[in-house]
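J.: got a predicted structure plus its sequence, pasted below:
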Amino acid sequence: MNVRKIATLTAAIGALFASSSVLAQSLVKIDGSSTVFPVSEAVAEEFQKAQKGKIRVTVGVSGTGGGFKKFCRGETDISNASRPILQKEIDDCKANGVEFIELPIAFDALTVVVNPKNDWVDKGVTVKELKAMWEPAAQGKITKWNQVNAAYPDRALKLFGAGADSGTFDYFTEAVTGKAKSSRGDFTASEDDNILVQGVSRDINALGFFGYAYYEENKDKLKAVKIIADGGKEAVGPSMETVLDGSYTPLSRPIMIYISAKSLAKPEVREFVDFYNKEGSKLIREVKYVPLPAKAYEYNLQQVAKGVKGTKFGGENKVGITIEQLMALEAK
């Protein structure tokens, strides 16, 4: 056999082995919240290293609502969510025969940000002022900072926020205006938090909101705004400490993953979920979210082992829920 034939045969055998390797590689599909993305992405990277290429994990970002649409159609194994599953989504999943297990995995401090050159909100903003900026009645009318508070300057108010498919949008609007998705429409909206970061960082008149991890990642070009809760006197900034002690309210919130019960029967998905709850805590801290107490992850593993399906949130948001309240809720 000549050299050329040997080379051709070797290449063919190599291609065959490569093809069989790809076919043998198991796949775990995740999609959903951009807020939860940094956590699931970090866990996925560590898990794949531990698996040495045997299992591949893909993590998409289509917003909590967009993720649930795919999940309830049976297109994904796990859905990242920055708010609990809503009743309509529960109904959609049921209609398609998709059962799920709900696991809270961390707490986030939903963060309101301004440009670093903004010096008129340093003492904090009230939830009432945020409502004045964001409520539907503000559309086309509240266009300047001094219309929100006479002490603020006569400057244009430029707003940046999560898109309508985002759980962050749902949570923020419910916490601030009193009803999920109840918002003015004349603001720059995006499911990509990096676009919001860029918008606020480039405009002194801008204000926006997104998950704490994106603020931490970009705090050299953003300023976090302290929040004064309704009836409160103290302006409280977002941090791990203020989330843990319950003082960062009403913008502290749990973030979740939802696992398809059918997918959980696949070894690769079960291994990933177990890894998430056993190893995720340190990664959650690394990406600047607040881990749950160790007993919460143990409880999650028990829920998975028992195959406990459904949601404990009743198909709605629970705005301002603390870690302690969440734990009590989970214990029922």
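T.: Ah, there it is.

J.: how many other residues sit next to the residue lying closest to Ile78 once chain neighbours are set aside?
T.: Nearest residue to Ile78, sequence neighbours excluded (CB to CB, 6 or more residues apart in numbering): Ile30, at 4.5 Å. Heads up, the C-betas are built off the backbone N, CA and C, glycines and all. By other CB atoms under 10 Å, the residues close to Ile30 number 27.

J.: next one, pLDDT for Ile30 please.
T.: pLDDT recorded at Ile30 is 98.

J.: ditto for Ser183
T.: If you check Ser183, the pLDDT there is 96.

J.: report the contact partners of it.
T.: Trp134, Glu135, Pro136, Gly161, Phe169, Thr173, Thr177 (CB atoms under 8 Å, 6 or more residues apart in numbering).

J.: and the residue nearest the centre of the chain, how far is that from Phe172?
T.: Geometric centre of the chain, nearest residue: Thr35, 2.5 Å, by CA atoms, centre = their mean. Applying CB to CB, to the nearest Å, the value for Thr35 to Phe172 is 11 Å.

J.: mutual contacts of those two, please.
T.: With CB under 8 Å, 6+ apart as the test, Thr35 and Phe172 reach no residue in common.

J.: what distance do you get for Gln147 to Ala132?
T.: 8 Å.

J.: ok, those two, which is more surrounded?
T.: Applying other CB under 10 Å to Gln147 and Ala132 shows that Ala132 carries more neighbours, namely 19 against 15.

J.: what residues does the residue lying closest to the more buried one once chain neighbours are set aside make contact with?
T.: If the residues on either side of it in the chain are set aside, Ala132 comes closest to Val148, at 5.0 Å by CB to CB, 6+ apart. Neighbour list for Val148: Glu129, Ala132, Met133, Ile142, Leu157 [criterion: CB under 8 Å, 6+ apart].

J.: any idea which of the residues you listed is closest to Glu45?
T.: Met133 (37.5 Å; CB to CB).

J.: and the closest residue to Glu89 other than its chain neighbours, how far from Met256?
T.: In space, Glu89 comes closest to Phe68 once its chain neighbours are excluded; the distance is 4.5 Å by CB to CB, 6+ apart. Phe68 sits 11 Å away from Met256, taking CB to CB as the criterion.

J.: and these two? Which one has more around it.
T.: Comparing Phe68 with Met256 by other CB under 10 Å, the one with more neighbours is Phe68, at 30 against 24.

J.: how many residues are close by Asp193?
T.: Neighbour count for Asp193, taken as other CB under 10 Å: 26.

J.: secondary structure element holding Ile90?
T.: Under the criterion of DSSP states H and E, Ile90 resides in helix 87-95.

J.: and what of Val28?
T.: Going by DSSP H and E, Val28 is in strand 26-32.

J.: chain center to stretch 90-101: distance?
T.: For stretch 90-101, the separation from the chain centroid amounts to 21 Å (computed by CA atoms, centre = their mean, to the nearest Å).

J.: show me what Gly208 is bridged to.
T.: Gly208 forms beta bridges with Val113, Phe160, as assigned by DSSP bridges.

J.: that one touches Val112, doesn't it?
T.: Yes: using CB atoms under 8 Å, Gly208 is in contact with Val112, at 7.5 Å.

J.: who has more neighbours, the two?
T.: In this view Gly208 and Val112 are compared by other CB under 10 Å, and Gly208 has more residues nearby, 29 against 26.

J.: once you drop chain neighbours, what's closest to Phe209?
T.: Per CB to CB, 6+ apart, closest to Phe209 is Val112, 5.0 Å.

J.: next one: Thr58
T.: That would be Lys29: by CB to CB, 6+ apart, it lies 5.6 Å from Thr58.

J.: distance check, that neighbour against Gln303.
T.: On the measure of CB to CB, Lys29 and Gln303 end up 21 Å apart.

J.: circling back to that earlier point, give me the element the residue nearest to Glu89 is part of.
T.: Counting by DSSP H and E, Phe68 is part of helix 63-72.

J.: from the chain's centre, how far out does the helix or strand just after that helix sit?
T.: Of the helices and strands lying after helix 63-72 in sequence (DSSP H and E), the nearest is strand 78-81. Mean-position distance between strand 78-81 and its chain equals 9 Å (CA atoms, centre = their mean).

J.: so what are the sheet partners of strand 78-81 and their directions?
T.: For strand 78-81, using DSSP bridges, the partner strands are strand 26-32 (parallel), strand 252-260 (antiparallel).

J.: all the strands of this structure, residue numbers only.
T.: Assigned by DSSP state E, the strands in the chain fall at 26-32, 55-59, 78-81, 100-109, 111-114, 125-126, 158-162, 188-190, 206-210, 223-224, 227-228, 252-260, 290-291.

J.: quick one, which of those strands gets closest to Glu298.
T.: strand 100-109 (11.9 Å).
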